[in-house]
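[1] Output the structure for:
(chains A and B)
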There are 2 protein chains.
Amino acid sequence: MRLATRHDGSPDGELVAVSADGVRCVAAGPKWPCLRLALENWEQALPDIAALNPEQGEPLDPSTCRAPLPRAWQWLDGSVFPTHAELMQIAFGLDPIDTERPLMYQGMSDRFYGPTDEVVLPSQEHGIDFEGEYAVIVNQVPMGTSAADAMDHIKLVVQLNDWSLRAIAPVEMKTGFGWVQAKPACSMAPFAVTPDELGEGWQDGRVCLDLEIEWNGRKFGHANGKAMLFGFHELVEHAALSRDLVAGTIIGSGTVSNANYAEVGSSCISEVRAIEMIADGKASTSFMAFGDSVRMEARTSSGSAPFGAIDQRVGPLLDK
Amino acid sequence: MRLATRHDGSPDGELVAVSADGVRCVAAGPKWPCLRLALENWEQALPDIAALNPEQGEPLDPSTCRAPLPRAWQWLDGSVFPTHAELMQIAFGLDPIDTERPLMYQGMSDRFYGPTDEVVLPSQEHGIDFEGEYAVIVNQVPMGTSAADAMDHIKLVVQLNDWSLRAIAPVEMKTGFGWVQAKPACSMAPFAVTPDELGEGWQDGRVCLDLEIEWNGRKFGHANGKAMLFGFHELVEHAALSRDLVAGTIIGSGTVSNANYAEVGSSCISEVRAIEMIADGKASTSFMAFGDSVRMEARTSSGSAPFGAIDQRVGPLLDK
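    Reported below is the predicted structural model:
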């Protein structure tokens, strides 16, 4: 099952079921007006939405698509690709990573940009960077849920761009408090899919698909999501140790990164700069400038794009 | 103006205006059913709610009170009492604190415990601690808002207990990613008040009131909120550098702490343990045990308690 959210003037938008080719849709209707409410009652909502027939529905205008979940009560982002962690550690002289437990922080969840929204930021001097990643959305998860039990709570999979401001990030990291200023609102690709929709692309709680990234129209990377040190079910267990996870909680993988980065590229500029620093002693790739675009689209081996594409520009905050 | 939220079976609860003595109330009614919606339309909601006459209203049963804002899209907690920071730094050998910018992290906001709810946690071994603090609630704040302009966005003031698990906190801090497991849901005192309601207790964006804390019925501290290194308006500016703050965002002060702690005590156990470690080389006060209670109540010089009291016990997560 593939879901999207259309602009309808409401904060949560209108939930629609989407056809396999992503071009037709049917509104889920007044019983399930938005994805947030459907996630809070997933056992009831799933059969109703699955009974829709989007293959015979109306055309889906891509410009009407918002993030499938435009706002959520909780966004917990992991960072569990070991190659990314090792490269950042070496380049920036960080302490060795504890591989016994996943890295995770809580980020801004009241707004997720849609796939083609312009992303507005205050300054190019902040080191504007994209981070291509996957994430899952869970229904209500009780405190203390095990990884094995967590798998059944993973209801949807999404593809994200976790915007990052790299000049501020190390200043905030040094405090131990995590990021506020360095992590503005993220963007989400247009389609949220049930894990079964990914077929062999969903294995052991991992999205085993290449994440194709283009920066200003040039190929940047196509790392595969399979290389997560912990599966999403293990991230859910980690997150739920001392809290109930509210329905609609989004849990992220962190920047997709592979050991053969020389071959497949990276999913953020900062990692490329780290590779350059290790190889050459200095970073030669600059961060994004206003007007730059980024496109992110996960692909199956047959060439389909289950989440659709994020394709957007970054621009300056205009004077009030 | 003083506001509370009563249980009514809905996720956001029922908004009521409360009398000056805290014992009578009037429901805000169908136009403003809950505080979250009122905050999203504050300019319209304020005169309507201010026109209510809670002095002539029905009795307010304290057992029906939830947190005034039982869930919020965003909770950003500062840590801006320099005495607390210095004591923790010395005791735990942390890096010196950068006093140029406030410390801040994003915490769990989908659920705030009510003032008398039992707080459920997985293990005593996690080092269960309370943190008494103040916080403000803003309406929508545009990205890039200055501290001077931020003052007008501070619509309500609340009193919080930021529950903390001290055995996990340093493990998470060391990663630089901030806290997830170490910061479960917070609790909120029953009344949210407009800043004017505090009279001289609200100065320069600070809550200049003693926060009286009792642990298992014994006096623990009564530090004053005036000692914040940054005012709440400066914390709002900090938070809004690279994001719009959604209406209903809660911004916290961190643990209230004063330089004359020998006289006024502390607002969390961890600080007391730090003082013991500095003085004696070891901490002698243990963290909380299941069954322990904590009471927190800010008081004016005339003895009134504008936020009412948090008075609750901590207990074990029962087997599912």
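
[2] contacts and neighbour counts: CA atoms only from here.
    Noted.

[3] Please name the nearest non-neighbouring residue to A:Val16.
    Spatial nearest neighbour of A:Val16, excluding adjacent residues (C-alpha to C-alpha, 6 or more residues apart in numbering or on different chains): A:Ala27 at 4.1 Å.

[4] for A:Val157, that is, sorry about that
    Nearest non-adjacent residue to A:Val157 (C-alpha to C-alpha, 6+ apart): A:Val136, at 4.4 Å.

[5] next one: A:Ser79
    A:Gly254 is the one closest to A:Ser79 (C-alpha to C-alpha, 6+ apart), at 4.0 Å.

[6] Thought A:Asp77 was touching that neighbour, still the case?
    Yes. A:Gly254 lies in contact with A:Asp77 (C-alpha atoms under 8 Å); the separation is 6.2 Å.

[7] Name the residue in the two with the higher neighbour count.
    A:Gly254 (27 against 24; other C-alpha atoms under 10 Å in any protein chain shown).

[8] Mind listing residues that contact stretch A:115-124?
    With contacts defined as C-alpha atoms under 8 Å, 6 or more residues apart in numbering or on different chains, stretch A:115-124 is touched by A:63, A:65-67, A:113, A:187-190, A:288-290, A:309-317, B:143-144, B:241-242.

[9] what about the residue nearest to A:Phe230 when sequence neighbours are not counted, neighbour count?
    Of all residues not flanking A:Phe230 in the chain, A:Val80 sits nearest, at 6.3 Å (C-alpha to C-alpha, 6+ apart). Residues lying near A:Val80 (other C-alpha under 10 Å) number 26.

[10] if we can go back for a sec, give me the number of residues near the residue nearest to A:Val157?
    28.

[11] Got the phi and psi for it?
    phi -120, psi 160 (degrees, to the nearest 10).

[12] ok, now A:Lys226?
    phi -70, psi -20.

[13] In terms of pLDDT, where does it sit?
    You'll see A:Lys226 listed with a pLDDT of 98.

[14] Can you name the residues that contact it?
    Per C-alpha under 8 Å, 6+ apart, neighbours of A:Lys226: A:Gln203, A:Arg206, A:Val207, A:Cys208, A:Leu209.

[15] Show me just the buried residues among those.
    By neighbour count, with 16 or more other C-alpha atoms under 10 Å in any protein chain shown, these hold A:Arg206, A:Val207, A:Cys208, A:Leu209 as buried.

[16] Verify the contact between the last one and A:Ala298 for me.
    Yes. Distance between A:Leu209 and A:Ala298: 6.2 Å, which falls inside the contact criterion (C-alpha under 8 Å).

[17] Get me the contact residues on the stretch 201-320 of chain A for chain B.
    Counting by C-alpha under 8 Å from any C-alpha of the partner chain, the stretch 201-320 of chain A comes close to chain B at A:His238, A:Ala239, A:Ala240, A:Leu241, A:Ser242, A:Arg243, A:Val246.

[18] how about a markdown table for those residues, with neighbour count and distance to B:Ala227 added?
    A markdown table is the format used below for these (neighbours: other C-alpha atoms under 10 Å in any protein chain shown; distance: C-alpha to C-alpha, whole Å):
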| residue | neighbour count | distance to B:Ala227 |
| --- | --- | --- |
| A:His238 | 23 | 36 |
| A:Ala239 | 26 | 34 |
| A:Ala240 | 23 | 35 |
| A:Leu241 | 21 | 34 |
| A:Ser242 | 25 | 31 |
| A:Arg243 | 24 | 31 |
| A:Val246 | 21 | 35 |
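
[19] I'd like those residues laid out as TSV, including pLDDT.
    Below are these laid out as TSV (pLDDT from 0 to 100):
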residue	pLDDT
A:His238	98
A:Ala239	98
A:Ala240	98
A:Leu241	98
A:Ser242	98
A:Arg243	98
A:Val246	98
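
[20] I figured A:Lys219 hits A:Ile213, correct?
    Yes. Applying C-alpha under 8 Å as the test, A:Lys219 and A:Ile213 come out as touching, 6.2 Å apart.

[21] Which of the buried ones among the contacts of A:Lys226 sits closest to chain B?
    Nearest to chain B, judged by C-alpha to the nearest C-alpha, of the buried ones among the contacts of A:Lys226 is A:Arg206 at 21.6 Å.

[22] which ones are touching the residue nearest to A:Phe230?
    A:Pro102, A:Leu103, A:Met228, A:Leu229, A:Phe230, A:Ser253, A:Gly254.

[23] Which phi and psi values does the third one adopt?
    Backbone torsions of A:Met228, given as degrees, to the nearest 10, read phi -60, psi 130.
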